[in-house]
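[1] Okay, predicted coordinates and the sequence, questions at the end:
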Amino acid sequence: NIVGIKTVRTFIKNIENKYNKITLIVGISNDKDKKIMLSLISHLVDRIIVCQAKYKGTPINELKNIIKKYNNNVMEIKDAGDAIKIAIKESKTNDIILITGSLYLAGEAIEYFSKNN
């Protein structure tokens, strides 16, 4: 929700000078105000990977179209696990990956890390 994304925005602003590159993996539930949420954070990160949670997820092309207004470095990877794999593979030592959006996406990320740890 918007309050949660404002908290994420504050977090990004607090860490942006501590890391070389911030990659955002984001997927938002279809019933949320995606335009406002993405306008608050998309311009603050270096790269964005959009994915679609299996439950209630907004189609990735819709998210990408919104994000492109604020950040041109955006990639579509429908599956959350695949998005995480690619983000990790392409990250360097002093980079950070931030996964945010829906609780459903967070659940899929937790499941990915519990299976791949």
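    Right, received. Where do you want to start? Numbers count the residues shown, from 1 in each chain.
[2] Every contact and neighbour count from this point should use C-alpha atoms.
    Fine.
[3] And the helices in the chain?
    Per DSSP state H, the chain carries helices over the ranges 2-15, 34-41, 60-67, 80-90, 103-115.
[4] Contacts for the third one next, please.
    Read it as helix 60-67. 27, 34-35, 38-39, 42, 50-52, 74-78 (Cα atoms under 8 Å, 6 or more residues apart in numbering).
[5] mind redoing it with 10 Å?
    26-28, 30, 34-39, 41-43, 48-53, 71-79 (Cα atoms under 10 Å, 6 or more residues apart in numbering).
[6] Now which of the residues you listed would you call buried?
    26-28, 30, 34, 37-39, 41-43, 48-53, 71, 73-79 (16 or more other Cα atoms under 10 Å).
[7] Could I get the CA-only coordinates of the worst-scoring helix or strand of the chain on mean pLDDT as PDB?
    Here the helix or strand of the chain ranked lowest by mean pLDDT, DSSP states H and E is helix 103-115, holding a mean of 92. The C-alpha trace of helix 103-115 is given here as PDB (Å, rounded to 0.1, in the frame of the first residue of the first chain):
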ATOM      1  CA  LEU A 103       2.900  -9.500   0.500                       C
ATOM      2  CA  TYR A 104       2.300 -12.300  -2.000                       C
ATOM      3  CA  LEU A 105       5.600 -11.400  -3.700                       C
ATOM      4  CA  ALA A 106       7.300 -11.400  -0.300                       C
ATOM      5  CA  GLY A 107       6.000 -14.900   0.300                       C
ATOM      6  CA  GLU A 108       7.400 -16.100  -3.000                       C
ATOM      7  CA  ALA A 109      10.700 -14.500  -2.200                       C
ATOM      8  CA  ILE A 110      10.800 -16.200   1.200                       C
ATOM      9  CA  GLU A 111      10.000 -19.500  -0.400                       C
ATOM     10  CA  TYR A 112      12.800 -19.000  -3.000                       C
ATOM     11  CA  PHE A 113      15.400 -18.300  -0.300                       C
ATOM     12  CA  SER A 114      14.300 -21.200   1.900                       C
ATOM     13  CA  LYS A 115      14.700 -23.600  -1.000                       C
END
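[8] Perfect, that will be all.
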